[in-house]
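[1] coords below, sequence missing:
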């Protein structure tokens, strides 16, 4: 189990004061648990270049997307995140390849290519777009707690913890069923989806709540699900 404040949203008293505005209570097992008890899963989606498709392919994609929307019996949120591309890891990889290459001609080509990439990124803000689908599940529970239920919780707390874990597993399975439905339905349009794990969710939330501290993404992150246009 990991909590959002473990990512150090801020330091000192300022961090404690900002936590009350965060709806997230905790994140574990690839699930976000909100303060009101509802659950969220986040699926990172790939993209397609619709304009490069033929008219027949475009019509088929539209029909598949219509079928997907008509199949939903629950709300969802589509999130688009734009980040400035961090080219440094790629430059370091080119430097390493240049050092290990024995051919002088190839080393010259790599050096010229590295200089071109550096100059290009210096004059152009290269942005990467990430697409996410936020899938909700809100369990309906009775809030009535009688005297005997409170006594049972006081004298047998292990039973209460076990029951909560069982409920969480039940709700999580229902949430993941929705995730499976979304990924399967959208696969007909050529879009692929990957469920974010706990660490990736924490990173996404941390970046969302700290935009001034995080402005770029590295090239290595782009291989997660072939996010860029196909």
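    Received, thanks. Treat the numbers as computed from the prediction; the structure is a model and nothing was measured.
[2] from here on, just use CA atoms for contacts and neighbour counts.
    Will do.
[3] now do the residue of the chain most remote from its centre, the pLDDT please.
    Residue farthest from the centre of the chain, counting by CA atoms, centre = their mean, is residue 104 at 43.0 Å. The model reports residue 104 with a pLDDT of 89.
[4] starting at the chain centroid, how far to stretch 184-204?
    With CA atoms, centre = their mean, to the nearest Å as the basis, stretch 184-204 stands 7 Å off its chain's centre.
[5] how many neighbouring residues does residue 72 have?
    Residue 72 has 13 neighbours, counted by other CA atoms under 10 Å.
[6] ok, now how distant is it from residue 63?
    Between residue 72 and residue 63 the distance, using CA to CA, to the nearest Å, works out to 15 Å.
[7] please apply the same query to residue 123.
    41 Å.
[8] which of those two has more neighbours?
    Set residue 123 next to residue 63 and count neighbours by other CA under 10 Å: residue 63 wins out with 14 against 8.
[9] quick check, pLDDT for the residue nearest to residue 183 when sequence neighbours are not counted.
    Once flanking residues are discounted, residue 183 sits nearest to residue 193: 5.5 Å by CA to CA, 6 or more residues apart in numbering. In this model, residue 193 is scored at 93, pLDDT.
[10] so who does the residue farthest from the centre of the chain touch?
    Applying CA atoms under 8 Å, 6 or more residues apart in numbering to residue 104 gives no contacts.
[11] what residues go with each domain of this structure?
    Annotated domains of the chain cover 4-82+130-223, 88-125 [automatic domain parsing].
[12] of the ones you listed, which stretch is the most buried?
    Mean neighbour count, computed with mean count of other CA atoms under 10 Å, is highest for domain 4-82+130-223 among these, reaching a mean of 15.
[13] distance of the residue farthest from the centre of the chain from residue 91?
    On the measure of CA to CA, residue 104 and residue 91 end up 19 Å apart.
[14] remind me which residues of the chain are low pLDDT?
    Applying pLDDT under 70 to the chain picks out residues 1-19, 140-163, 211-230.
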